[in-house]
Every structure is written in C-alpha cells, then in structure tokens.
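# coordinates only, sequence not included:
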C-alpha cells in the first residue's frame, strides 16, 4: 500500500491565510460534491481538479498547489462558481492561488509571463493585429487608442509580477 | 388526567398516508373524525408511487385497503375537494370552530357511480396531475382507478360547458343524472377538540435549474414522473421507455440533491431525507423490469436513514449491480450527433471526470412544503419553520405546534418517508387523545354491516362466486387472469366468476357486493393477495352484502404465485388454477360463524423504562388506564437519560424535561413501576394477557393486562467491534466526550479527530453536534471529522455548514478502508484514505472521538422468546409491516417502541413512545373486542373422554364435563381457546374440529390440489404452513420477489401443530410428490409448543413411511421466521430438487 503522507509537517497556516483573504473566504463551505469539476470546461486537462484544490487548501498542502499547472489553466469562465451549491467562489480562489504562486516565486507558465510582459509594455493584454487595424479603417472605426503605460507600469512594479518581469 | 370534555370530534387536514393513518387511528377509538382533502381523492403522494422501500411492496396495494377503510368507516366523515376556510379557537382553548368549504365538483357525489362514461366522452384533454404530467386526463375525471371517493369531478377551469357554455356531453351521457353544472360551493361549520394537520409536500420544479435540462429535454424526468413510468397502471403500462420516442432505454442516470442542500437562491438548503432511498428503490424496480438497463445513481452523501435501508442499498449494489457514483453532475445536455443525453460528472472514487451518453435522466428534486401551507398556517395560527414547513414547538413531541390542540404530522412537518409519517400520525393521535376521550366509543362502531341473510340460505346448496384480481399488473403480468377466471367458472358449485383490476379498490369491492346480491351467492372466493392484509376487508364486504363473513375464502395468487414465479407464466397460471380450485373446494364446505366478543383488561404492561417506554406509560396512564412498567435495571430513563440527554443542534436542554418525565411516571397514581424486574411467563391474547413479573430479589407477581408494549433500550456497540481496538488513552465515545466539554477543557491549538464509521443519522448528528461544541469552547482547536457519508436530519444541514464555517475540516474516507488509529513517538495519529485526493494521510491528533452505532438491546432476545415475537437479522424487533404498521408486532395487542425497534434519535424514540401509546390505547378505550370464532369445538357424540386435549392445551381451554347423556366428555371454553388446533390434530377420536379449518375442508383442499396431474419433471408439493411464521415467510419471499419453482401448493394452517397426521398420509395417497410442514422456529410458536408437537408427529410419520412405498424424505419440515423469505425460497428450491432426484411419487396421477 501507498505510504500515508504525514500531515504533521505540512503548512497549517495556509488554510488560515487563504480563508482570511478576500478570494479564499468561501473555501470552508465546500462539501466535496464535485459539481465544480464536472462543470469546468478544462478540468480534463488539469493536473489538480478544482474540487481537489479546495481539499488541498483545507489540508494545507501548499507546495503542490502553487506549483501545479491547473491554476493557470483556469479560463475564469465562472461556471464552477455559477453551479456550486455551497456558493464556493472557486474562480476567485484560483485567482488567489495565482497571487500566492507569484509571491512564492513558483514557476509561471511562459504564456502568462508573455501576457504580463505585453501588459507591462503596451498597457494591453492583446495588441491589435495589422489585420484588425485594417478592418477598423474599412469600417470607419476610430483608431485604437494609445495607452499611457506609465501608471500600469507603476502598479505592476509594486506587485509580485515585477519579480518575473525582472523590473524594479 | 384527561377529562371527557368538549366534543370528541377531530379534524384531520390532508388525506395522504399521514392523514389517513391519524383519521383511522382516532376513528377506531370512537372519535368522530372529519377528514378534509383538497383534491378530489384521498391517497396523496403514496397513491402515485409504484413501490415502497425497503420491502418493494406495491404502494397502492397496501394503501388502497386503508383508503377504502376510510370511506367505509362509520366514524369518519370524508370531505374531499374541500378546504379549511376559517378556524376559531374557543376562549378556553378547548375547542375549535372550523369553517370548511366544499368546492363544487359539478357532480352529485351521492348519485355518481364512478362508471367513467362521462370521462370517456369528454372532449377536453389536459395533463393529469396524478400521472405527474406524463399522462392526460379529461375535464371531467376520476383521478385514478382506486380513487376514494370514486366519483367524477369537473375541472371548472377547462370544462367547455363551464367556461364557454358549450358541449355538455357529460350531462347527456351520465346514466345516473349526477352531473350538475349549477352546483355551488357548500359551507360547513364543525366544532372539534383537536386538529391534525397532514398536508404533505410538493416537489421543487426543476425547470428553474437550467443545467439539468428539465423541460427542455423530454427524457429528463422527475422522480415522481418516473414512479408513474414504472407503474403498471401508469401512462406506459409499466414499460420503462424514453418519452421522446418510446424506445427502450439502455442507460439511466438518477441525480440526487436536485435543488436541495444548496445555498443558491430559490433552492433549498436542507436535505430531503428520502431521495437516496427512493432512487435505490426505483433503480431496483428498473432492474427488475429490464435487467439489461445500465442503472446509475449520482449522489453526494448517501443518506439511508431507516430500518432495513442499508441492507436494501447493499442488495442494490451486489444483487442488482446498480452503480452508485459519488459525485454530482455539472450538467445534462444533448449530443447533437447522436441525439442522446449526455451527463457530465465527477466520479469522486476514480477521480475522473466522466461524460456518459444516456437515454433517461431522473432528477430527485427537493421536497418543499405543500402549496398553500403558508395560507393554512395563517388560518390556523401556527408557525412555519425557516424552511416553510409547519414548526414543531416541542423538540421531543415534534407533533406539537405553538397552538395547543393543533398537531402536525407527515411531510408537512418536514420531509420523511412513509414509516416515519405513519409513526408521527399515531403520535399526533396520541396527543389528540390527551385532549378528550370518547365516553361511549362503541356507539358509532356497532352499526357496521347490514342484517345477514338467513342461515338456511347460507347453508343451502353452495353458490360460489370467484373474483380474480389483476392487482394492476402485479398478478396479470405473470398469471393469465382471464384464462384463470374462465377456468374458475367450470369448477363445481361456482355459479359466477369475474376478474377485477383491483379487487380491493372501491370499485372492486362494489362489484363483489353487487355480484353477491345479483347472483345470490352464498360463498365468496377472492383470488388476489395475502389474507394477512386483505381478508378483513373482503370479510366486511361480504358482511355488507348480507353474507356471513365466514363464508369467504381467500386465495393467494400474488405473494405465493405471480411474484415468486415471474419467469414461469404458464406454470404460474396452472398454479393459480390449482390454488383457486383448492379455495373453491374449501369454500363449498364453509359454515356461517358468529363472532365472539371479549372484554379488555383496562391495563397495559410496558417492558423497558426507556424514554419511549416512559412516554407511552405516561400517555396511557394520563388517559386513565393502569400501567405496569417493568424495568430490568435499577432505574428508569434508559440510554438517553443516562448517556445522552441531548438533542443535537437544539438550543433547548431537554434533560430537565426527561427528568420530569421520570418523576411523573414514578409518582403517577395509575402507574406501578417494577424495577430490577423482568417478565418471565406470558400467556393469553389481546385484551387478556397474563404475565409473570419476576424481580431480582425473587419476588413474583402475576399480572393481567389488555395490551403490551416492549421498549427496552439499545446500547452502543463497543469500539472494538467497529474500530478493532479497546479502551485506549485519549480515545472516547461521543457520549463520553460530551461530558468532558466545558470552557477551558482544551489546550490552545489542541487537535481533536472525530471518526464516524458506518454512521447512522444519529451517529453523524451527535458527532457533529459535539464537534461544534468543542469549537465553541475553544476556537483555537483543530477539529477533523472523518466520515464516509454525512447523514443528518433536516435541521442538521445548517449546522454542517456552520461547522465548516467554523473551520472544522471534514475528511471523506473511502468506505472500503476504515481509518486506522496508531501511536508513534507518543503521538496519536488517525490514518485515513482521503477519497477526494486519493491519497492516504496521517493526521496527528491529541484526542480521538468515536461515533458508535447502536446495537439491538440484549433484552430483545429474552423478550422475543418470552412474548413469542420475532426479531430481525440485527436483533431488533420485527414489525408486522414496515410502512403501514411500523410499531405493531404480528400478534395482536403487542407493540414496540424506541431503540428496541431500530437505532434512533431521542426525538424519534419519544415520538415512537407516543405512537405506541396510541396503538395500545385502541383496545383499552374500546373496552370490548370482537374475537374471530375460529376456535376448536368438541363433538360430544365422538368424544371418548380420554383427556388428551386437556393435557395438550397450553391455555387450559378444554376441560372434562359430564355430557347431557351422562358421559364424561371434553368441552372447550371459547374465550380461552386460541384456535391453534393442536388438540384437534391429536384427538384420537377425531372428535375436535377447528372452525374454519375443519378436516373436511382441509382434505377437500388436498384433494383439489392434486386433482390435476403436474408434468413429471415438476413435482407437486402440498405445504401446510403456519399462519404466523411459515405462511408469513412465504409472503415475505413474495414481497421480496425471491424466486422458487412452482411446485408447492400452500394450505394455510393456524399452527404447524394443527396438521393432522391424516393430512400427510392423505396427500401422499392422492399423489403428492412431497409434503412440507412449515412452522415457527423453536421458541417462536404463537401457541407455545405447536411446532414441537408437529415435529414429534412428523418424526413418527416418517418412521411409518419407511414401511410404505413413500420415501420418508418426501416429508419435510421447515422452521422459519416471518422475515426469512429468502430461506423459504431456498428450502422450496432444495426440496423440489430433492423430489426431482427421487422421481415422481408412486401414487402420482398420470
């Protein structure tokens, strides 16, 4: 039989931290019915499924959780939150986990880094392509506004994102 | 004390099973009951159900007799299609003036004969409420075939005549002239002393829960619709099909918790209590219909709170291969390519997200308060609870409301199953009795039946009428009822035969009555189900038609035929013919008999000073009857008072209340308490029991009582049995632990682990309650609860959520691997397999608290043998019927209450105590009971005065007297004789006969059974089964559908000791391949030792057979209990195989 994982050494503060945060306050209400995971459009791809994330928070299994891929795979479609019978705000919980992952310096997927970089540099997550610009012109729509990136840069420098962007 | 004050009139609102039970309970005691039902028929939801769990009884089959009884009861005024308009309480609170509005049916109830012609011709079709929208009804309609009253009602909202002034066809076709478009609402004012509210429930409409697709996809049904789909009388004739195209489904998913246990707006936060069980039932019935359908149940926590329920779930898993999948689905959608439904769910035990194509989806929606509950509550002035159900004002007697004299029961108080509704209905009746007692209870009851036809007519040439029941499809699915009916017409003395859809329905019984009069019948045979439940009904039908009720014979072609030979329709049909031939042969020889009456000793014996026993004692004593309370230990109060005087989640401290109860009982002038005592000897029958009470100090006291309640308390199982270890440091039971919790009893950050294993509702609730207390006493504690399924009562769900909010961590383990406790380096650990993460974890803990299940009282075994009452597999008392008579023993006058019945909570035990009191009070209040005249009589001329009967009888009924001719002969006291027939079977001169079981009658049955040869490969067995155990066991086999070969022809005897050796020999001479004698297990004989007598006699016969051509192995005796249907089926199988190997009997007809 598989050896039991001794929970004496795990991070007990974790549950308290998550629970007391704005994003994690609904964690305790989960009663493990699995509705969230069966509502999630990407759950099949996740290494840790939404309902498992909640259980891991409860047991204080921090490390595995902030290092998993799944928290970055969430599309924030809110279907889990919409259907959870116990009103657990799972999407928010995942967002909270992303914050902790950033803070703790966990490995962040390249695509996420890319988006962060884009945002930092252009003030946009998505920059309009040449094709899109041509289309707008054709439809007589105004040009896409230039964004003043300075305030955004200022904000991002103060967050954990600064670490992965290597900016100060 | 109860005074006879005010009126003895009671109003019951709601005609479902709870209302029906309460109404009959009180009416039987002489109360005048008004039963108000707002729909056109009584019956409620139970009438819509196909089967009931855990016995899988046909729901309408067990309900219809009760409905008919309501309609026929002289003390019940049935007001259907009526509503309570206004209620006023008298100044002294002793009575209520109630205004009732009888809505216009536009049909004169007194004229309508329920022929259905109007319904046939009516052009307007609308969805049928009874068919849960799956079928249609007309604008003028009778809701269902067994409706009571069986009269038509016009739906004024859709009737063309009433809405547009056209049509009018129903009026034209009605042969009785009953249609009256001008009918107006009637008003009725009554005065009652109590009101019992039993208005039931509704199901939440799942169309508001978009993800399940109800309303969008026709193959997504509610559970109630599925009941109708399974039902033989339902819209598809009992064929389980896809609604979309009528094809047979390959796969079905049941979805639990639809709109319940949810915090979302418009959904219900509580658990509906019964869905897991009815889904289990529906799944099993589905498999019985179509074994190849793949049946799946998606659930979150499996809630199986009731007696025998766990065993049914086990059977569903093991025997029927039903997949129970932990994990609720996100959605149901339709695959655009295949057109099939797709269910997407998280299978928690495999950890996989699963998408399955399926054909049907059955939703189990939340049960919600019945429509109009709020308005009714306002009229009555009673409170609603936070969920909208009527509020119980007392945590113990939960039938009480804030208004004295208004009581609640059934689902209107909160979702519950039929058994619990019935128990609560009796409890509500007990509370009503305490407000007023009828002074002349017999007054209304005596008028039953009309005058009998002359004895000369009864004794003239037999004119037998045979009525063969289809029982919907229960019989007709297997037995060719039409063919059997035609066959019956050919039998000697049969002048009339008819097949009936439901013989027990209002319609069926009316037809029987009409036929008796029209065809001048003087004998009636009904071939349907078991006489155990239905003979009394048909007897009174005969009586009403002017026929002596004992000129009736019942043939069991359901439990003993169609249900147990479902795969052999031809053989079952042949067997039905044999059984009817036997019944007709006996009927021809029946004699009219006069009922005897006996007075009731106005006292009750209660054994077991548990909470249930104490409550029962107090109620009976308050009602003015003597109570003898016997308790084995040195003090009263039982388990709850000494161990756990607490109602989980309740703010109210009930200990003082319980202590007050003990004091009240101890000081009651009508109660005599016997401590440190046990009942040792028992004899007598309902009304007149004699019991010897023995005290530990050696004192004996012989007492006489009219009724007996057995109520010892169960005890907790030892931790060793559940967790495999004994008393250890820091390991406690919930009960022990509770006494330790007080402010400051826990260190900062101390960790407590609760383990709930194999938990009942009680276990979970007590553990959760205790865990919350720990957190309250010191919020810094870490509390873990290890569980498999969280099972909680209605109000518990809220506290489960609160517990999670408080930071209590719940770990769901896999039921297949129990949590383990171990100590390492001085630290205790709980090791459990976390089902969610599929990982084994070790949790360090400081204290461990175990939630321990209850086991049957030790005392049950002794009481079972003293009082000759049966136990179930687990050692709890076995009731006569788990739904309809949940606290009655099979022997009249004996009842059970409290944890001796099943593991239960304090409130449940209290309510059962009330219910038992009400059941026991019926004979006491009536003062006089009529006794069946089925007793032994001596033929003076034949008696040789040997005295064998005197030495055999356990009841001292026979004595030697001088006859008119001067000879010394035996005479039997009819009041002492119990009709067991042991004396008759052993009388050397054959001078004793038992009325209703005479030698001539029995031998005619044997002859008839063997009149037609059976195929050589199917042996024919004559089985003499005792009424109480073996015959009842054969019924259980039928109810459970345990299949056995169609070889046996059962002849019901009152006792195995009644079997005259002559019968055995005669059966063999007539060509029987085998003879079976079935009786109770050794200590269970209802007549003390009839079974032992039978065994002795059979041994002698076997010796004798050695000298004949009959192999002694062709004679078998079996000793089984009423619950052992499976053993009965096994024995028949084995015996049939044995006889096959022996070959046909040398005397067999060819």
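Nice, thanks for sending it over. Since the structure is predicted, the reported quantities are computational estimates derived from the model, not experimental observations.
# from here on, just use CA atoms for contacts and neighbour counts.
OK.
# distance check, residue B:663 against residue B:637.
10 Å (Cα to Cα, to the nearest Å).
# and these two? Which one has more around it.
residue B:637 (23 against 12; other Cα atoms under 10 Å in any protein chain shown).
# residue B:664 versus that one, what's the distance?
Counting by Cα to Cα - residue B:637 and residue B:664 are separated by 12 Å.
# please list the residues of chain A that sit near chain B.
For chain A, the residues in contact with chain B (Cα under 8 Å from any Cα of the partner chain) are A:2-8, A:28-30, A:32-39, A:43-44, A:51-52, A:55-56, A:58, A:83, A:85-87.
# could you list which of these belong to helices?
A:35, A:36, A:37, A:38, A:39, A:51, A:52, A:55, A:56, A:58, A:83 (DSSP state H).
# what about the first one, how many residues nearby?
A count of neighbours around residue A:35, defined by other Cα under 10 Å, yields 25.
# surely it meets residue A:81?
No - contact criterion Cα atoms under 8 Å: residue A:35 and residue A:81 do not qualify, at 9.6 Å.
# where do the domain boundaries of the chain fall?
Using chain A here. Domain assignment for chain A by automatic domain parsing gives A:7-103, A:110-165.
# that's the other chain; I wanted chain B
If you go by automatic domain parsing, chain B breaks into B:9-103+B:185-200+B:370-444, B:105-182, B:203-368, B:453-591, B:599-714+B:856-930, B:716-855, B:935-994, B:1000-1150.
# how far does the shortest one sit from the chain's center?
I take that to be domain B:935-994. 38 Å (Cα atoms, centre = their mean, to the nearest Å).
# tell me the least confident of the ones in helices among the residues of chain A next to chain B?
On pLDDT alone, residue A:58 ranks lowest of those, at 90.
# in the stretch 1-150 of chain B, which segments are predicted with low confidence?
Across the stretch 1-150 of chain B, the ranges flagged by pLDDT under 70 are B:1-6.
# who in the stretch 101-250 of chain B is up against chain A?
Counting by Cα under 8 Å from any Cα, no residue of the stretch 101-250 of chain B sits close to chain A.
# can you name the residue of the stretch 101-250 of chain B nearest chain A?
residue B:211 (8.4 Å; Cα to the nearest Cα).
# next, count neighbours for that residue.
15.
# tell me which element the residue nearest to it when sequence neighbours are not counted is part of?
Excluding its sequence neighbours, the residue lying closest to residue B:211 (Cα to Cα, 6 or more residues apart in numbering or on different chains) is residue B:331, at 4.8 Å. Applying DSSP states H and E as the criterion places residue B:331 in strand B:329-334.
# tell me how far the closest residue to chain A within the stretch 651-800 of chain B lies from residue B:398.
For the stretch 651-800 of chain B, the residue closest to chain A is residue B:800, as judged by Cα to the nearest Cα, at 9.3 Å. According to Cα to Cα, residue B:800 stands 22 Å off from residue B:398.
# quick one, which of those two is more surrounded?
More crowded of residue B:800 and residue B:398, by other Cα under 10 Å: residue B:800, with 24 against 21.
# next, count neighbours for whichever residue of the stretch 551-700 of chain B sits closest to chain A.
Closest residue of the stretch 551-700 of chain B to chain A, Cα to the nearest Cα: residue B:649 (18.5 Å). Neighbour count for residue B:649, taken as other Cα under 10 Å: 18.
# count of residues packed around the closest residue to it other than its chain neighbours?
Once flanking residues are discounted, residue B:649 sits nearest to residue B:769: 5.9 Å by Cα to Cα, 6+ apart. Residue B:769: 22 surrounding residues under other Cα under 10 Å.
# close enough to count as contact, residue B:769 and residue B:648?
Yes - assessed by Cα under 8 Å, residue B:769 is found in contact with residue B:648 at 5.4 Å.
# quick one: end-to-end length of stretch B:769-788, please.
Stretch B:769-788 end-to-end distance (Cα to Cα) = 17 Å.
# so what's the gap between it and the chain middle?
That offset, for stretch B:769-788, works out to 39 Å (Cα atoms, centre = their mean).
# stretch B:432-442 too?
Worked out by Cα atoms, centre = their mean, stretch B:432-442 lies 26 Å from the chain centre.
# mind checking the pLDDT average for it?
Mean predicted confidence for stretch B:432-442 is 84.
# tell me how far the ends of it are from each other?
End to end - Cα to Cα - stretch B:432-442 spans 18 Å.
# residue ranges with poor pLDDT in the stretch 601-750 of chain B?
B:721-727.
# quick one: the helices in it?
Taking DSSP state H, counting those that start in this stretch, the helices of the stretch 601-750 of chain B run over residues B:611-622, B:638-643, B:655-667, B:719-723, B:734-740.
# dump those to a markdown table, plus distance to residue B:951.
Formatted as a markdown table, these follow (distance: least, Cα to Cα, whole Å):
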| stretch | distance to residue B:951 |
| --- | --- |
| helix B:611-622 | 38 |
| helix B:638-643 | 42 |
| helix B:655-667 | 42 |
| helix B:719-723 | 48 |
| helix B:734-740 | 53 |
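# which of those is buried the deepest?
A comparison of the helices of the stretch 601-750 of chain B by mean neighbour count, using mean count of other Cα atoms under 10 Å in any protein chain shown, puts helix B:611-622 on top with a mean of 29.
# against which helices or strands is that helix packed?
Applying 3 or more Cα pairs under 8 Å, 6 or more residues apart in numbering or on different chains; DSSP states H and E, we find helix B:611-622 packed against strand B:603-607, strand B:626-630, helix B:638-643, helix B:655-667, strand B:671-674, helix B:906-926.
# export these to a markdown table and tack on distance to chain A?
Putting the helices and strands packed on helix B:611-622 into a markdown table (distance: least, Cα to the nearest Cα, whole Å) gives the following:
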| stretch | distance to chain A |
| --- | --- |
| strand B:603-607 | 43 |
| strand B:626-630 | 46 |
| helix B:638-643 | 30 |
| helix B:655-667 | 33 |
| strand B:671-674 | 49 |
| helix B:906-926 | 27 |
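# for the residue in the stretch 901-1050 of chain B that chain A sits nearest to, give its distance to residue B:860.
In the stretch 901-1050 of chain B, the residue that lies nearest chain A is residue B:905 (24.2 Å; Cα to the nearest Cα). The gap separating residue B:905 from residue B:860 is 19 Å, by Cα to Cα.
# what pairs with the residue nearest to residue B:211 across the strands?
residue B:344 (DSSP bridges).
# burial count for it?
19.
# got a list of what the residue of the stretch 101-250 of chain B closest to chain A touches?
B:330, B:331, B:332, B:333 (Cα atoms under 8 Å, 6 or more residues apart in numbering or on different chains).
# show me which of the residues you listed is closest to chain A.
Distances from chain A to those, taken by Cα to the nearest Cα, are shortest for residue B:330, at 4.4 Å.
# buried residues in the lowest-mean-pLDDT helix or strand in chain A, which are they?
Here the helix or strand of chain A ranked lowest by mean pLDDT, DSSP states H and E is helix A:161-165, holding a mean of 78. Neighbour-count burial for helix A:161-165 flags A:161, A:162, A:164 (criterion: 16 or more other Cα atoms under 10 Å in any protein chain shown).
# same question for stretch B:526-542.
Buried, per 16+ other Cα under 10 Å, within stretch B:526-542: B:526-532, B:534-535, B:537-542.
# which ones among those residues lie within strands?
Among those, the members falling in strands (DSSP state E) are B:526, B:527, B:528.
# format those residues as a markdown table; extra columns: distance to chain A.
Shown next, in a markdown table, are these (distance: Cα to the nearest Cα, whole Å):
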| residue | distance to chain A |
| --- | --- |
| B:526 | 52 |
| B:527 | 50 |
| B:528 | 46 |
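# with distance to residue B:386 and pLDDT added, can I get the residues you listed in JSON lines?
Shown next, in JSON lines, are those (distance: Cα to Cα, whole Å; pLDDT from 0 to 100):
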{"residue": "B:526", "distance to residue B:386": "50", "pLDDT": "97"}
{"residue": "B:527", "distance to residue B:386": "50", "pLDDT": "96"}
{"residue": "B:528", "distance to residue B:386": "46", "pLDDT": "94"}
